[in-house]
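Participant: With the sequence up front, the predicted model follows.
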Amino acid sequence: MPSYTWEARLNGTTTLTNIQTVNVTLGRTYNTDPFRGSTAVITGRGYTTPPSISVGQYVQLVALNGATEVWSYAFYVVDFAFNYGIVPSEDTWTLTVNDSLGQAGRATVTGSWISNTQSGAALSNTAALANISIDVYIGATNGTAYLSAQSFTNENCLTILNKIITTEQGYLTGAAFDDLNGRIEWAPRSDNGPFPICEFTDTTAVVSSIANKYNTLEVAGLQGNYATKVIASPSGLAAQSAGTGYKVWEFETYDVSTAQALTTATAALARLSTATVIPVTLSCITENQTNDAALAACFPFKGINIAFRGAQYTCNVEGGTISSSPMTTTLTYNLTLYPITRFSFTLNSSYYGVLDTSKLG
């Protein structure tokens with residue numbers, strides 16, 4: 001029955017404690033959504049003399065189970081309010097923060113890249129124009145996609161990053177690094193994804209050390225995670241489509257050629273072609289668990305397994321929410337099935353995946 005305390009560490013020198021509530025919004029909802037910044041609103045008590053806090057200051061939000069750090073995320077200060085009561089014991093404060101993707105969404109950049117620049121290099125160079133570091137999530141790679149030559153003047157940084165990662169058909173997220181430098185992490189199209197670190201089940205657990213109980217589970221179809229036809233529209237080139245039918249998703253890319261744009265459309269369609277109902281949201285209460293896996297998995301790009309009434313799924317966490325008070329902590333995950341190239345397998349396991357399928361049972 002984990003019980004968490006929270007700390008907000010300012011620039012590695014000041015730690016805000018006596019936190020009362022934490023409300024975090026992470027990542028995105030659907031596969032077809034653009035990547036966006038994660039945010040948090042933190043409230044607490046105390047501090048007759050408020051600590052020195054400024055807009056843009058680095059904040060590491062950390063959840064601890066005793067002395068063990070279970071979850072952390074890198075943010076920046078957006079706003080800080082100190083509310084004085086009639087007596088000092090009634091004093092409260094509110095800290096509002098966002099991550100490096102949010103910082104990129106507030107930045108305009110001027111720059112360029114040459115033809116056949118790989119997506120990873122373009123991501124890194126563009127983020128650097130806004131003084132943001134960017135790292136590949138797993139492995140040393142510059143990505144799958146090659147980009148056409150581009151130049152831009154005072155354009156929104158996050159808009160450019162989203163167009164690059166859409167061309168790559170990869171992932172973007174903020175970072176958990178505690179190095180006084182919030183970062184953006186990205187994963188290429190070819191990445192196999194993280195192995196699921198949490199298991200939600202209504203039956204006997206396969207891995208008891210990471211087994212958790214869900215509170216609510218929504219399964220649905222034909223939402224933002226489904227399409228029968230995908231159209232990739234590369235800058236300056238003819239649009240390319242994969243698939244047929246009425247459920248269409250169209251997006252802009254920097255693909256260097258129409259042949260590559262067709263490959264991009266085909267890759268996107270593969271992620272969106274599951275027409276049956278699938279898990280889209282799951283929620284749980286941490287006090288109902290026996291381990292920390294649920295909170296550790298509440299982070300964009302983490303993986304979870306779900307066993308539900310005979311069906312078994314391996315899911316990617318696209319985003320979600322954390323709502324924590326002194327009484328309870330509730331987690332909600334926005335889920336998609338692992339794309340074809342991102343399944344996790346365990347040899348001879350009936351739970352952790354069978355080649356070429358994302359659902360068992």
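Facilitator: Nice, I can see it. The model shown is predicted, which means the values in this text are computed figures rather than measured ones. Numbering: from 1, shown residues only.

Participant: any weak-confidence spans in the chain?
Facilitator: Judged by pLDDT under 70, the chain has its weakly predicted residues at 48-50, 138-140, 178-180, 192-194, 221-222, 339-361.

Participant: Centre-most residue in it?
Facilitator: In the chain, the C-alpha nearest the mean C-alpha coordinate belongs to Pro300, at 2.4 Å (Cα atoms, centre = their mean).

Participant: how about that one, what does it touch?
Facilitator: Going by Cβ atoms under 8 Å, 6 or more residues apart in numbering, Pro300 touches Leu26, Gly27, Arg28, Ser38, Tyr171, Thr173, Gly174, Val317, Glu318, Gly319. In short, each C-beta sits where N, CA and C put it, glycine included.

Participant: Sort out which of the residues you listed are in strands and list them.
Facilitator: Within the contacts of Pro300, residues falling in strands by DSSP state E are Leu26, Gly27, Tyr171, Thr173, Gly174, Val317, Glu318, Gly319.

Participant: Identify the bridge partners of the first one.
Facilitator: For Leu26, the residues forming beta bridges with it (DSSP bridges) are Gly320.

Participant: thought it was touching Gly37?
Facilitator: No. Judged on Cβ atoms under 8 Å, Leu26 makes no contact with Gly37 at a distance of 9.7 Å.

Participant: before we move on, back to that, a markdown table please, covering the contacts of Pro300 and showing distance to Lys229.
Facilitator: Conversion of the contacts of Pro300 to a markdown table gives the following (distance: Cβ to Cβ, whole Å):
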| residue | distance to Lys229 |
| --- | --- |
| Leu26 | 30 |
| Gly27 | 26 |
| Arg28 | 22 |
| Ser38 | 31 |
| Tyr171 | 23 |
| Thr173 | 28 |
| Gly174 | 32 |
| Val317 | 27 |
| Glu318 | 22 |
| Gly319 | 25 |
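
Participant: If you drop the residues flanking it in sequence, what lies closest to Leu101?
Facilitator: Distance criterion Cβ to Cβ, 6 or more residues apart in numbering; nearest residue to Leu101, sequence neighbours excluded, is Gly37 at 4.0 Å.

Participant: Let me see the contact set for the one you found.
Facilitator: If you count contacts by Cβ under 8 Å, 6+ apart, Gly37 has them with Asn98, Asp99, Ser100, Leu101, Gly102, Gln103, Ala104, Gly105, Leu158, Gly174.

Participant: Return the subset of the residues you listed lying in strands.
Facilitator: Taking DSSP E as the definition of strands, these contribute Asn98, Gly174.

Participant: I'd like the contacts of Gly37 as JSON lines, with neighbour count and distance to Thr332 appended.
Facilitator: JSON lines is the format used below for the contacts of Gly37 (neighbours: other Cβ atoms under 10 Å; distance: Cβ to Cβ, whole Å):
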{"residue": "Asn98", "neighbour count": "23", "distance to Thr332": "19"}
{"residue": "Asp99", "neighbour count": "29", "distance to Thr332": "18"}
{"residue": "Ser100", "neighbour count": "29", "distance to Thr332": "23"}
{"residue": "Leu101", "neighbour count": "28", "distance to Thr332": "19"}
{"residue": "Gly102", "neighbour count": "20", "distance to Thr332": "20"}
{"residue": "Gln103", "neighbour count": "23", "distance to Thr332": "24"}
{"residue": "Ala104", "neighbour count": "28", "distance to Thr332": "25"}
{"residue": "Gly105", "neighbour count": "20", "distance to Thr332": "23"}
{"residue": "Leu158", "neighbour count": "27", "distance to Thr332": "24"}
{"residue": "Gly174", "neighbour count": "27", "distance to Thr332": "18"}
